[in-house]
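Visitor: A structural model of the following input is requested.
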Amino acid sequence: MRSIFENTATAFSIKSDTSLERAYFLFKLISLQPLVKLGTAITNFALKAHLPVKGLIRATVFDHFCGGVNEYDCEPVMERMYSKKVFSVLDYSVEGKATEANFDQVVRKINGLIVFAKTKPYIPFVVFKPTAIGNILLYEKVGNKVLLTPEEILLWQKVQERFYSICKTAYEHKTPLLIDGEESWMQDAADGIVYNMMKEFNKDEAYIYNTLQAYRWDRMEYLQNLYSKAKTEGFKLGIKVVRGAYMEKERLKASEKGYKSPICETKQATDDNYNEIVSYMVSHLDEISIFLGTHNEHSTYLLMELMKQKKLNISDSRIWFGQLYGMSDHISYNLSEHSYNVSKYLPFGPVRDVMPYLMRRAEENTSVAGQTNRELDLLGKERKRRKI
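Guide: Here you go, the predicted structure:
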């Protein structure tokens, strides 16, 4: 298939010279792992000491990777992307708040975002993390079939009620909902709830999407079993497929607890698993809607080629491509230029509350040197084209 991802004029078409220079500077910093660790430590200290650094953070790393402090603040960003046919997935990225009051607040927030999204043509999906509405230790106990205390039974009922509230709102407003994947030790319990939500609300089309992390070697079998149940029980599947974001934690915990790591042994095995999952889903498109979450050009080309082989419309509503805001613009904007359905995950939230997300994003980029170097190469090419 002809390469379309080298066109930097299209890739960075909504970036001013100033924002292009900022992006180049940030990825230069991210490419230096010791500097990222030092910067993370200093930023943590400055925030805890209540030093006046929010303005600096907002003007640099925050504005590059986030849309704003709230959904209304994100509107100019979303409208600029939409002018190039790139859609937005609002991602409330406040992490680390694990009280019942906070869980209930997140439900209200996500329900509000679903209502908000219905009024905006550029927001096709809303997303949330299961651990944003329930304690991870509770998910782990349920997944491992540990006997719950009476208090924990009530807390687990609340988690299920929160899921139901959000999924019902999504269904009523016909706004598809992406439910993120997390650590394997909590995922079985989350998968069980999402399965029930799909069975309830995906009778005619996919409104509820679960996430498969392809660095787990068991996910292909899981998908095949899920598809069989969907066919038998009469509901549609919504599947977001990603490679995965918790590899080091997964392998460390498996080593400490003495069980087999759920992670594929090699990067190649992960890539093969990812591509096999994508091929399977395209072959069962009558029952499965796909959200391809990837920054990998080869996997993107694979889905494009499969669509061509199946003679599918380029803008088939059952297939979406997605990347994170602030990354892989060469994929997103060149896909949209060729009329594929593409969206950016757009994190937002108060600067202080979103910092854990931003630090994790910076650390993940340092661990994927090829990705960071690719960003730098393309940004450098565009700087040269613009002669700046």
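Visitor: Pass me the low-pLDDT residue ranges in the stretch 1-150 of the chain, would you?
Guide: 1-2, 33-53 (pLDDT under 70).
Visitor: redo that, cut-off 80
Guide: Counting by pLDDT under 80, the stretch 1-150 of the chain shows low-confidence ranges at 1-2, 32-56, 95-96.
Visitor: out of everything not next to it in sequence, what's closest to N111?
Guide: Distances taken as CB to CB, 6 or more residues apart in numbering put T169 closest to N111, at 4.7 Å, once the chain neighbours are dropped. To be clear about C-beta, it is placed using only N, CA and C from the backbone, and glycine gets the same treatment.
Visitor: chain center to the helix or strand hosting the one you found, what's the gap?
Guide: When secondary structure is defined by DSSP states H and E, T169 falls within helix 150-172. Taking CA atoms, centre = their mean, to the nearest Å, the mean C-alpha location of helix 150-172 is offset from the chain mean by 22 Å.
Visitor: Stretch 317-330 too?
Guide: When distances are taken as CA atoms, centre = their mean, stretch 317-330 is centred 10 Å away from the chain's centroid.
Visitor: hmm, back to that, got a list of contacts for the helix holding T169?
Guide: The set of residues that contact helix 150-172 without belonging to it, under CB atoms under 8 Å, 6 or more residues apart in numbering, is 100, 103-104, 107, 110-111, 114-115, 126, 128, 130, 133-135, 138-139, 141-142, 148, 176-177, 193-194, 197, 200-201, 207-208.
Visitor: change it to 7 Å
Guide: 103, 107, 110-111, 114, 126, 128, 133-134, 138, 141-142, 148, 176-177, 193, 197, 201, 207-208 (CB atoms under 7 Å, 6 or more residues apart in numbering).
Visitor: got the CA positions of that helix in PDB?
Guide: In PDB, the C-alpha atoms belonging to helix 150-172 read as follows (Å, rounded to 0.1, in the frame of the first residue of the first chain):
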ATOM      1  CA  PRO A 150     -20.600  -7.700  53.700                       C
ATOM      2  CA  GLU A 151     -19.200  -4.200  53.400                       C
ATOM      3  CA  GLU A 152     -17.300  -5.100  50.200                       C
ATOM      4  CA  ILE A 153     -20.400  -6.700  48.700                       C
ATOM      5  CA  LEU A 154     -22.200  -3.400  49.100                       C
ATOM      6  CA  LEU A 155     -19.200  -1.500  47.600                       C
ATOM      7  CA  TRP A 156     -19.100  -3.900  44.600                       C
ATOM      8  CA  GLN A 157     -22.800  -3.400  44.000                       C
ATOM      9  CA  LYS A 158     -22.100   0.300  43.900                       C
ATOM     10  CA  VAL A 159     -19.400  -0.200  41.300                       C
ATOM     11  CA  GLN A 160     -21.800  -2.200  39.100                       C
ATOM     12  CA  GLU A 161     -24.500   0.500  39.600                       C
ATOM     13  CA  ARG A 162     -22.000   3.200  38.500                       C
ATOM     14  CA  PHE A 163     -21.200   1.200  35.300                       C
ATOM     15  CA  TYR A 164     -24.900   0.800  34.600                       C
ATOM     16  CA  SER A 165     -25.600   4.500  35.100                       C
ATOM     17  CA  ILE A 166     -22.800   5.500  32.600                       C
ATOM     18  CA  CYS A 167     -23.700   2.800  30.100                       C
ATOM     19  CA  LYS A 168     -27.400   3.600  30.200                       C
ATOM     20  CA  THR A 169     -26.700   7.300  29.700                       C
ATOM     21  CA  ALA A 170     -24.500   6.400  26.700                       C
ATOM     22  CA  TYR A 171     -27.200   4.200  25.200                       C
ATOM     23  CA  GLU A 172     -30.000   6.700  25.800                       C
END
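Visitor: Now do E248: how many residues are near it, please.
Guide: When counting by other CB atoms under 10 Å, one arrives at 12 neighbours for E248.
Visitor: again, but for E221
Guide: 9.
Visitor: how about the strands in this structure?
Guide: Assignment of strands within the chain using DSSP state E yields the ranges 87-92, 125-128, 177-179, 208-213, 237-242, 288-293, 319-324, 342-348.
Visitor: May I have the strands that pair with the second one, each with its orientation?
Guide: If I follow you right, that is strand 125-128. Strand pairing for strand 125-128, determined by DSSP bridges: strand 87-92 (parallel), strand 177-179 (parallel).
Visitor: Of those, which is nearest L226?
Guide: strand 177-179 (13.6 Å; CB to CB).
Visitor: contacting residues for M197?
Guide: M197 touches F163, C167, I208, counting by CB under 7 Å, 6+ apart.
Visitor: Revised request: answer the last question for L346.
Guide: With contact taken as CB under 7 Å, 6+ apart, L346 is in contact with G67, C74, V77, M78, S88, V89, L90, D91, Y325.
Visitor: Now tabulate the contacts of M197 in CSV and tack on neighbour count and pLDDT.
Guide: Rendered in CSV, the data for the contacts of M197 read as follows (neighbours: other CB atoms under 10 Å; pLDDT from 0 to 100):
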residue, neighbour count, pLDDT
F163, 22, 98
C167, 23, 98
I208, 26, 98
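Visitor: ok, which stretches of the stretch 51-200 of the chain are helices?
Guide: Secondary structure of the stretch 51-200 of the chain (DSSP state H, counting those that start in this stretch): helices at 54-57, 63-65, 75-82, 100-118, 136-143, 150-172, 184-201.
Visitor: got a list of what N196 touches?
Guide: By CB under 7 Å, 6+ apart, N196 lies in contact with nothing.
Visitor: So which of the helices of the stretch 51-200 of the chain is nearest A9?
Guide: helix 75-82 (16.2 Å).
Visitor: tell me how far that closest one is from the chain's mean position?
Guide: In terms of CA atoms, centre = their mean, the gap separating the centre of helix 75-82 from the centre of its chain is 19 Å.
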